[in-house]
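Peer 1: Here is a sequence together with a model predicted from it:
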Amino acid sequence: MTPSQNSVKLIAGNSHPELARLISAKLGVKLAKVGAFQYTNQETAVAVGESVRDEDVYIIQTGCGEQTINQFLMELLIIINACKIASARRITAVIPNFPYARQDKKDKSRAPITAKLIANLLQTAGCNHVITMDLHASQIQGFFRVPVDNLYAEPSVLRYIKDNFNQEDLIIVSPDAGGAKRVASIADKLDVNFALIHKERQKANEVSKMVLVGDVSNKVCLLVDDMADTCGTLCKAAEVLLENGAQKVIAMITHGIFSSNAIEKLNNSKLDKIICTNSMPLKDSLEKCSILETIDISPTLAEAIRRLHNGESVSYLFNNAPE
């Protein structure tokens, strides 16, 4: 059962129109006529081209772009507020990659908890519900006073692994201690071993030392992480694994941010392949990086929208990947 065209509105922000079109096609619901543009002074303006009165509105906008992440965040807030004052019944922000998710705690004196600020901004703008994927820190859900559905790429990743790898030769590896829980869950479901790498940082985005915990001899290593930003960790982890006897190293990432010179690092790395979801726009990266592949997560997001709209349980998607 697809949602009724008359009671649901899908709105695409400018951050990832390709993903919005895929979700629209899966649901069989056309994207609403809403335009977001910038004036010459860089102020964002929104024009809602059709009625959203008493409609269930879903706004698709991901956090991405070195120069544009704040622009897209502001665009999302303005679209939400435009729909709110146009009398939308319920407004859901579909944010596959939640912006500022790494700033989720006060880790030094006078540091802000910016993820909490983003939660407050979304709610003040008029957001009634949030759908996101693989939050960097799941406790961010507690920053909201509205429901948050934190979906997982894991079911889609498991399907890809089962379809493309011989599980007897496989070992799942976490590039840091923080991802151990995620890696252990995947390893248990595949009935394979896992290892982890302990890393020490001198400063943010710069790894100084790595120590492997586990045996990767003659194994195909799957490095699993929630995001790849500058890719320094992944490249260094691949070297450590190969030095310890791994056959080859493949990275599997949910959010491919690839900022700064990340693509150049990947092209010069010892990684055999890097596979990530299309939660971020990757067209330019795919053209520049021959080892990069994508997994389509639009079916999961589309099914979450359908289930939420029809009042069905979303927890089914925590362990199942729709076609």
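Peer 2: It's in.
Peer 1: domains for this structure, by residue range?
Peer 2: Listed by automatic domain parsing, the domain ranges of the chain are 8-152+298-318, 154-295.
Peer 1: worst average pLDDT in these?
Peer 2: When the domains of the chain are compared on average pLDDT, domain 154-295 comes out lowest at a mean of 92.
Peer 1: got the contact list for the spatially closest residue to V220 that is not a sequence neighbour?
Peer 2: Excluding its sequence neighbours, the residue lying closest to V220 (CB to CB, 6 or more residues apart in numbering) is D169, at 4.9 Å. No exception for glycine: its C-beta is placed from N, CA and C like everyone else's. By CB atoms under 8 Å, 6 or more residues apart in numbering, D169 lies in contact with 218-220, 247.
Peer 1: what about the residue most central in space within the chain, helix or strand, and which?
Peer 2: Nearest to the mean C-alpha position of the chain, counting by CA atoms, centre = their mean, stands N97 at 3.7 Å. For N97, there is no host helix or strand (DSSP states H and E).
Peer 1: wait, isn't H255 in contact with C276?
Peer 2: Yes - at 7.1 Å, H255 and C276 qualify as touching, with contact defined as CB atoms under 8 Å.
Peer 1: can you give me the helices for the chain?
Peer 2: 17-27, 69-85, 114-125, 154-164, 180-190, 232-243, 262-267, 283-288, 298-310 (DSSP state H).
Peer 1: export those helices to TSV and tack on mean neighbour count?
Peer 2: Shown next, in TSV, are those (neighbours: other CB atoms under 10 Å):
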stretch	mean neighbour count
helix 17-27	19
helix 69-85	20
helix 114-125	18
helix 154-164	17
helix 180-190	16
helix 232-243	21
helix 262-267	18
helix 283-288	13
helix 298-310	21
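Peer 1: Format these as JSON lines; extra columns: distance to V146.
Peer 2: Rendered in JSON lines, the data for the helices of the chain read as follows (distance: least, CB to CB, whole Å):
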{"stretch": "helix 17-27", "distance to V146": "21"}
{"stretch": "helix 69-85", "distance to V146": "12"}
{"stretch": "helix 114-125", "distance to V146": "6"}
{"stretch": "helix 154-164", "distance to V146": "24"}
{"stretch": "helix 180-190", "distance to V146": "25"}
{"stretch": "helix 232-243", "distance to V146": "33"}
{"stretch": "helix 262-267", "distance to V146": "33"}
{"stretch": "helix 283-288", "distance to V146": "33"}
{"stretch": "helix 298-310", "distance to V146": "12"}
